[in-house]
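Asks: model this:
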Amino acid sequence: MAYRLFEGKEHASSYWKYRISPADHLIQQLIDFLKKHSGGPYELAVDVGCGSGQGTVLLAKHFSSVVGTDVSPAQLEVALQHAKKPNVTYRQCIAEELPFADSSVDLMTAMSAFHWFDRPRFLEEAHRVLKPRGCLALLNYTIDMELSYRDCCSQALNDVCKEFYEALKPYRSPHLGANSIELYREAYNSLPYPDKEWQDSVWVKKNMPLSSYMGFIESFSSYQRFLREDPQKAGRLSQDTRQKLMSIMKVTSEDTEVEVAVKYFYLLACKPEEV
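Replies: Next up, the predicted model:
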């Protein structure tokens, strides 16, 4: 079964405001894989589980048409509010039943979403809609983020962050297992495509206010569950973490910019020519 945890309006708004979108160089790796295995021009890309559309819009310059799909009306409402690319549209549907014809899609992506799907059903559906030589790209990031600030001790900052992550572990969905990267490895190993690629360490660095970093973590499903179950305790944990980080940084404002390094991994696969 698929899991639906990001459908509230407030959660959708925080998703748009705080979630980190893949860097251009990461998107380019997906496009380079597609070009290596399939000649253009490229007509249609589909971004499944698109959320509020941060990743969807990054595909726009490479395709005639890009469609973001998501199960959540609230997420798509936010995506539409920020829709500025004329060739990007959005559709509400589940990941396992996509409204596209057989062999019609050049590239299908799922950015930080595949782990929530009914994975075997989704992979079957991706095979159905991809063109021969069309490509599938599944990417996600790990919790192994690294925070740094000027001459401050990064180890001290990251020890505080790890305490925060550990406090959220009891609220992590059991569906994800101990580490969601294993779900992607399993999919990579199960795909019967001869042309596929696995990468488990692509670092993306972003500068952002400390408040945005905290908002990013607070948009995680584990924190949102904690917040629903015990709002006061979740709020205290967040505020204590902010204060500890600012104390180490010797600053008084959450608007102070920090550098956040995020480690991505991805699976790329090319559908073979049909016999």
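Asks: Can you mark which positions in the longest helix that the chain contains are buried?
Replies: If you go by DSSP state H, the chain has its longest helix at helix 231-249. Under the neighbour-count criterion of 16 or more other Cβ atoms under 10 Å, helix 231-249 has Ala234, Leu237, Ser238, Thr241, Arg242, Lys244, Leu245, Met246, Ile248, Met249 buried. No exception for glycine: its C-beta is placed from N, CA and C like everyone else's.
Asks: pretty sure the last one is touching Leu157, no?
Replies: What that stands for is Met249. Yes. Assessed by Cβ atoms under 8 Å, Met249 is found in contact with Leu157 at 7.3 Å.
Asks: Now for these two: what residues contact both?
Replies: Residues touching both Met249 and Leu157 (Cβ atoms under 8 Å, 6 or more residues apart in numbering) are Tyr149, Val258.
Asks: rewinding a little: tell me the helices and strands packed up against the longest helix of the chain.
Replies: helix 154-168, helix 210-218, helix 221-229 (3 or more Cβ pairs under 8 Å, 6 or more residues apart in numbering; DSSP states H and E).
Asks: Quick one: mean pLDDT for it?
Replies: Mean per-residue pLDDT for helix 231-249: 96.
Asks: What lies in contact with it?
Replies: So helix 231-249 is in contact with 147, 149-150, 152-153, 156-157, 160-161, 163-164, 167, 210-211, 214, 218, 223, 226-227, 252-254, 256, 258, going by Cβ under 8 Å, 6+ apart.
Asks: go again using 10 Å as the cut-off
Replies: The contact list for helix 231-249 (Cβ atoms under 10 Å, 6 or more residues apart in numbering) reads 147, 149-150, 152-157, 159-161, 163-164, 167-168, 171, 210-211, 213-215, 217-218, 223-228, 230, 251-254, 256, 258.
Asks: relative to helix 231-249, how tilted is the following helix or strand past that helix?
Replies: Scanning forward in sequence from helix 231-249 by DSSP states H and E, the next helix or strand is strand 257-270. When axes from the mean of the first three to the mean of the last three Cα atoms, to 10 degrees is applied, the directions of strand 257-270 and helix 231-249 differ by 110 degrees.
Asks: Just checking: what are the partner strands of strand 257-270?
Replies: strand 130-141 (antiparallel), strand 146-148 (antiparallel), strand 195-209 (antiparallel) (DSSP bridges).
Asks: could those go into JSON lines alongside distance to Thr109 and mean neighbour count?
Replies: Converted to JSON lines, the strands paired with strand 257-270 look like this (distance: least, Cβ to Cβ, whole Å; neighbours: other Cβ atoms under 10 Å):
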{"stretch": "strand 130-141", "distance to Thr109": "5", "mean neighbour count": "23"}
{"stretch": "strand 146-148", "distance to Thr109": "25", "mean neighbour count": "17"}
{"stretch": "strand 195-209", "distance to Thr109": "14", "mean neighbour count": "14"}
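Asks: Please consider this matter closed, and thank you.
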